[in-house]
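**Student:** Sequence and predicted model, in that order:
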Amino acid sequence: METENYSKIRILIIDDDPKLCRLVKDYLEPMGYEVESAQTGPSGLEKVLSEEYQAVILDIMLPGMDGFEVLRRIRQSSTVPVLMLTALGDESDRIVGLEIGADDYLPKTFSTRELLARLRAVTRRSTLTTNQTQAANEADDIVISDLRINQASRQVFLGNRALSLTPVEFDLLVCLARAADRVMSRDRLLDEISGRDYEVFDRSIDVHISSLRRKLDDDAKKPKYIKTVRSAGYMLMRKPEEV
C-alpha cells in the first residue's frame, strides 16, 4: 500500500489499563502511527530513555513509579513531547504535570478525536522547535534587561544564574521576547509555540506563564518582566513599569 512509504510516527503510551492501550493502538495505527505500550512506571521510563519516540502518552497513576516521577526523570535527559492523562476535573494534577514539563494534558475520558488533535499538536510543536533551534544557530542572543536568552543552546540566564525551563516555557519566553513591548494574545502564543489551531480556548497557557514568572522571580501584581494585559494577553517589557 502507498502508506507504507511514509515513516511512521512512534508513540509510547504508559498506562496500566490494557484496554485503553489497545484502544489507542487500534485507533492510531491506521492513521500512520506506530504505538507501543508499557504498563508500569519503571518499564515506561526505560523505554523512553532507551528508544526514540515522537510523543509519550503518560498516565499519572502507575504501579512502581507514578507518572509525575516518570516525567521528572524523562525531563532530566529528554525533550520528547509528553501528554499527561489526568482525572476529569482534577486541575491540581494538570498544573503539577505542566510545571514539571508536560507539553499538554488530556482527561482520562478523552475522545479519540481529541487525542489525535493533541498528538498532532505536540509533535508539530516539537518539529517546529527543532527547526527553530537549527535556524537560531547563527542568531544573536536576545537580551532584555538582565535577562539573556541563547537561542542556539536553548539556555536562559537571569543575571549570572542559569534558569531551568521546560521546552514549552522556553518557547513561550522566546515568543514574548521577540515581540518585546507588544501584547501577544493567548491564541497567538499558542499558535506560535505549538503550530496548532484551537477550536476551544486552552487555559494551559496561563499555567505555563505562571510557572515562567516564578522562575524569573517576577510578581504578577508588580511585574518586572511579564505583564498581563487584561482581555488581551501577555507582554514582555523591556523596562519595568514606573509606579
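**Tutor:** Alright, I've got the coordinates.

**Student:** which stretches of this protein form strands?
**Tutor:** 9-14, 33-38, 55-59, 82-86, 104-107, 142-144, 147-150, 155-158, 161-163, 226-229, 233-236 (DSSP state E).

**Student:** Pull the contacting residues for residue 219.
**Tutor:** residue 213 (CB atoms under 8 Å, 6 or more residues apart in numbering). From N, CA and C alone the C-beta is placed, and that goes for glycine too.

**Student:** Adding mean neighbour count and mean pLDDT, write the strands of the chain out as CSV.
**Tutor:** Below are these laid out as CSV (neighbours: other CB atoms under 10 Å; pLDDT from 0 to 100):
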stretch, mean neighbour count, mean pLDDT
strand 9-14, 22, 94
strand 33-38, 19, 95
strand 55-59, 26, 95
strand 82-86, 24, 90
strand 104-107, 19, 86
strand 142-144, 16, 90
strand 147-150, 19, 92
strand 155-158, 18, 92
strand 161-163, 13, 92
strand 226-229, 16, 93
strand 233-236, 22, 93
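
**Student:** Present those as JSON lines; the columns should include distance to residue 49.
**Tutor:** JSON lines is the format used below for the strands of the chain (distance: least, CB to CB, whole Å):
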{"stretch": "strand 9-14", "distance to residue 49": "11"}
{"stretch": "strand 33-38", "distance to residue 49": "12"}
{"stretch": "strand 55-59", "distance to residue 49": "11"}
{"stretch": "strand 82-86", "distance to residue 49": "13"}
{"stretch": "strand 104-107", "distance to residue 49": "21"}
{"stretch": "strand 142-144", "distance to residue 49": "32"}
{"stretch": "strand 147-150", "distance to residue 49": "26"}
{"stretch": "strand 155-158", "distance to residue 49": "22"}
{"stretch": "strand 161-163", "distance to residue 49": "23"}
{"stretch": "strand 226-229", "distance to residue 49": "33"}
{"stretch": "strand 233-236", "distance to residue 49": "34"}
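
**Student:** ok, and the closest non-adjacent residue to residue 79?
**Tutor:** residue 167 (4.9 Å; CB to CB, 6 or more residues apart in numbering).

**Student:** same check, this time on residue 23
**Tutor:** residue 112 (7.6 Å).

**Student:** What of residue 156?
**Tutor:** In space, residue 156 is closest to residue 163, 4.5 Å off (CB to CB, 6+ apart).

**Student:** wait, doesn't that neighbour sit right on residue 157?
**Tutor:** Yes: counting by CB atoms under 8 Å, residue 157 is a contact partner of residue 163 at 6.9 Å.

**Student:** No further queries at this time; thank you.
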